[in-house]
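[1] Just the structure for this:
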Amino acid sequence: MRAFFLAASLLSGATALATTPTAHAADISVVGLFPNKAVLVIDGGSPKTYSVGATIVDGIKLVAATDSSATIENNGRRQTIAIGDHVSRAPASSGRSSTTLQADSRGHYMVAGQINGGSVRMLLDTGATMIALPASEAVRLGIDYRKGQVAYLNTANGTVPAYQVKLNTVKVGDIEINQVDAVVQEQGLPIILLGMSFLNRTEMRRDGQQMVLTKRF
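    Residues are numbered from 1 along each chain as shown. All right, here's what the predicted structure looks like:
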């Protein structure tokens, strides 16, 4: 059976109660994928194959594995890691939800997340006023975008029609934001853009090749 290999990592931590020791933070790298199985490297150790449902370390389980991604659940919170993605997760010192994104070789931040509960991949774009979705992705996510208000957007390919919609939930790592403005384009958009209607509700801090997002409200 063919394995699909990737380099992706997830730093997962749990906040312990004051009366207990600090919870273990596991550095988990996904180095191979099979149907319902993932080959993981824990804290730099030897690769080990885990089946869906297996506990990786205390509080962290493998809950799904496909030929393109693995999903890990950390104390009830899920993170889907796509091929080539690098995502670090840790609770912010202020207690607010926070997630850390890793830039790819071109300096772009490709984000694995969820919209209205459906898994998506997005490109972080501070130049986009709102989250922008291709019509095909909106349909896949069950968004009836044609009921939205028609608008016209100026793009590199000229002026294109779009539909303004409201997304129930948008989730990136541990950050989940409700009622987020978005637009749906029927042409000229190959990927979902994670725009400022989401990013304005976070604090953004860049540290080298990493971008730390912390939920504001």
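[2] so how far is stretch 33-47 off the chain centroid?
    20 Å (Cα atoms, centre = their mean, to the nearest Å).
[3] quick one: buried residues of it?
    Residues of stretch 33-47 classed as buried: 33-34, 37-42 (neighbour count, 16 or more other Cβ atoms under 10 Å). Any C-beta I mention is one placed from the backbone N, CA and C, and that applies to glycine too.
[4] which ones among those residues are found in strands?
    Using DSSP state E, the members of the buried residues of stretch 33-47 that fall within strands are 33-34, 37-42.
[5] With respect to pLDDT, which of the residues you listed ranks lowest?
    Minimum pLDDT across these is recorded for V41, with 74.
[6] Leaving out sequence neighbours, find the closest residue to that one.
    S29 (4.2 Å; Cβ to Cβ, 6 or more residues apart in numbering).
[7] ok, what's across the strand from that neighbour?
    S9, V41 (DSSP bridges).
[8] Around it, how many other residues sit close by?
    Residues within reach of S29, counting by other Cβ atoms under 10 Å, total 19.
[9] Find the residue ranges of this structure scoring beneath the pLDDT cut-off.
    The chain contains residues with pLDDT under 70 at 1-27, 43-44, 82-95, 217.
[10] can you list contacts of the top helix by length along the chain?
    In the chain, taking DSSP state H as the definition, the longest helix is helix 135-140. If you take Cβ atoms under 8 Å, 6 or more residues apart in numbering as the criterion, helix 135-140 is touched by 118, 120, 145, 165, 184-186, 192.
[11] Please enumerate the helices of this protein.
    Going by DSSP H, the chain shows helices at 135-140, 196-199.
[12] what's near enough to touch A128?
    Going by Cβ under 8 Å, 6+ apart, A128 touches 193-196.
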